[in-house]
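K.L.:
output the structure for:
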Amino acid sequence: MTSPDLSIIILNWNVRDLLRASLRSLAHSPALSVETIVVDSASTDGSAEMVAREFPGAHLIAAAENLGYSRGNNLGLAASRGRHLLILNPDTAIVGDALDAMVNYAEAHPDVGILGPQLLNADGSVQSSRRRFPTLVTAFFESTWLQPYAPRRVLDRYYVHDASDDATSDVDWVTGACLLVRRAVVEQIGGFDEEFFMYSEEMDFCRRARTAGWRVVYFPGAKIYHFEGKSSEQAIPERHIRFQRSKVRYFRKYHGPLTASALRLFLLTSYLQQLLLEGVKGLVGHKRELRRQRVRAYWQVLRSGLK
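P.N.:
Numbering: from 1, shown residues only. The predicted structure is shown next:
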């Protein structure tokens with residue numbers, strides 16, 4: 001059986017309507033032979049049934065539990081046959097011939113192992129999707145309450161603000177909403193590290209690919225809408241825990257246990273400070289329901305220990 005040009009792997013959790021729109025947007029690439037694999041992580045909103053009913057040509061893998069990003073996408077990778085592999089979030093929509101453009105660029109540049117398109121917000125503005133590897137200083141500021149106070153050069157470096165959004169460029173890593181991966185990369189380094197349930201797994205994956213000699217490229221010649229965070233915003237405390245836990249795990253893997261322990265202690269202290277601040281604001285009667293929700297979320301983070 002001839003291998004398709006592209007295997008598209010979509011991992012879904014409870015975003016049925018966005019998944020439907022994403023699958024419909026894939027029809028814009030008639031020049032490619034494509035297989036579509038949908039891995040559904042035990043959704044309760046009828047997502048799997050919708051795929052089976054409305055997209056019978058897709059290969060549906062209905063899991064009995066929420067697998068997380070790494071395990072779920074690895075399941076799709078194992079079932080795939082394409083020469084190129086597209087890891088695609090369900091909260092995305094392909095713009096025009098983006099799939100053809102990505103595959104054509106990869107074919108023309110055989111040393112490119114991973115390609116990330118330009119991601120767009122719903123209003124058409126460019127979404128930040130390319131990164132440099134974080135330093136410990138970056139980790140103290142990025143996605144914590146201190147981010148607004150970070151020295152500008154720290155986050156400018158991390159978010160690659162020194163390069164144009166419209167310039168094709170080599171980067172350290174690209175975010176996991178849409179990743180075109182050469183099959184040879186997976187055959188060489190394996191799939192996603194399943195120790196990362198969610199968040200930082202694409203950073204780890206790109207780092208392993210770069211270490212193995214592959215280029216990682218940000219490619220604005222392909223554009224894709226990304227309606228960010230629609231799955232993770234359904235479980236806000238878990239999102240905090242998984243994001244920060246994965247950050248600590250990444251630093252343990254690449255910078256050692258002492259650095260990871262220092263980061264973990266800093267993050268827990270930060271959440272304790274925020275919990276106390278939200279509690280005081282609630283006591284004086286300022287947006288009490290919002291304060292209660294935040295206190296509960298931060299308390300769950302502290303209870304987790306980010307271990």
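K.L.:
identify the residues contacting stretch 70-86?
P.N.:
Under the contact criterion CB atoms under 8 Å, 6 or more residues apart in numbering, stretch 70-86 has outside partners 1, 3-11, 34-35, 37, 39, 41, 59, 61, 63, 67, 87, 99, 102-103, 106, 178-183, 186, 191-198, 201. From N, CA and C alone the C-beta is placed, and that goes for glycine too.
K.L.:
could you rerun that using 6 Å?
P.N.:
If you take CB atoms under 6 Å, 6 or more residues apart in numbering as the criterion, stretch 70-86 is touched by 3-9, 11, 37, 39, 41, 61, 87, 103, 180-181, 183, 186, 191-192, 194, 196, 201.
K.L.:
could you turn the buried ones of those into a PyMOL selection?
P.N.:
To isolate the buried ones among the contacts of stretch 70-86 in PyMOL, judged by 16 or more other CB atoms under 10 Å, type:
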select buried, resi 4+5+6+7+8+9+11+37+39+41+61+87+103+180+181+183+186+191+192+194+196+201
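K.L.:
tell me which of the contacts of stretch 70-86 fall in helices.
P.N.:
Per DSSP state H, helices hold the following members of the contacts of stretch 70-86: 103, 183, 186, 201.
K.L.:
contacting residues for the second one?
P.N.:
Taking CB under 6 Å, 6+ apart as the contact definition, residue 183 lies against residue 83.
K.L.:
residue 3 versus that one, what's the distance?
P.N.:
9 Å (CB to CB, to the nearest Å).
K.L.:
same question for the last one.
P.N.:
In this structure, residue 201 and residue 3 are 26 Å apart, going by CB to CB.
K.L.:
again, but for the first one
P.N.:
Distance, residue 103 to residue 3, using CB to CB: 13 Å.
K.L.:
show me which residues of the longest strand along the chain are buried.
P.N.:
The longest strand of the chain (DSSP state E) is strand 215-226. Going by neighbour count (16+ other CB under 10 Å), the buried part of strand 215-226 is 216-220, 222-226.
K.L.:
what does stretch 138-158 give?
P.N.:
138-142, 144, 150, 154, 157-158.
K.L.:
dig out what residue 225 forms beta bridges with.
P.N.:
Residue 225 has these beta-bridge partners by DSSP bridges: residue 93, residue 120.
K.L.:
let's see the pLDDT reported for it.
P.N.:
With respect to pLDDT, residue 225 scores 97.
K.L.:
burial measure for the residue found closest to residue 173 once you drop the neighbours it is linked to in the chain, as a count.
P.N.:
Nearest residue to residue 173 in three dimensions, chain neighbours excluded: residue 206, at 3.5 Å (CB to CB, 6 or more residues apart in numbering). Using other CB atoms under 10 Å, residue 206 has 26 other residues around it.
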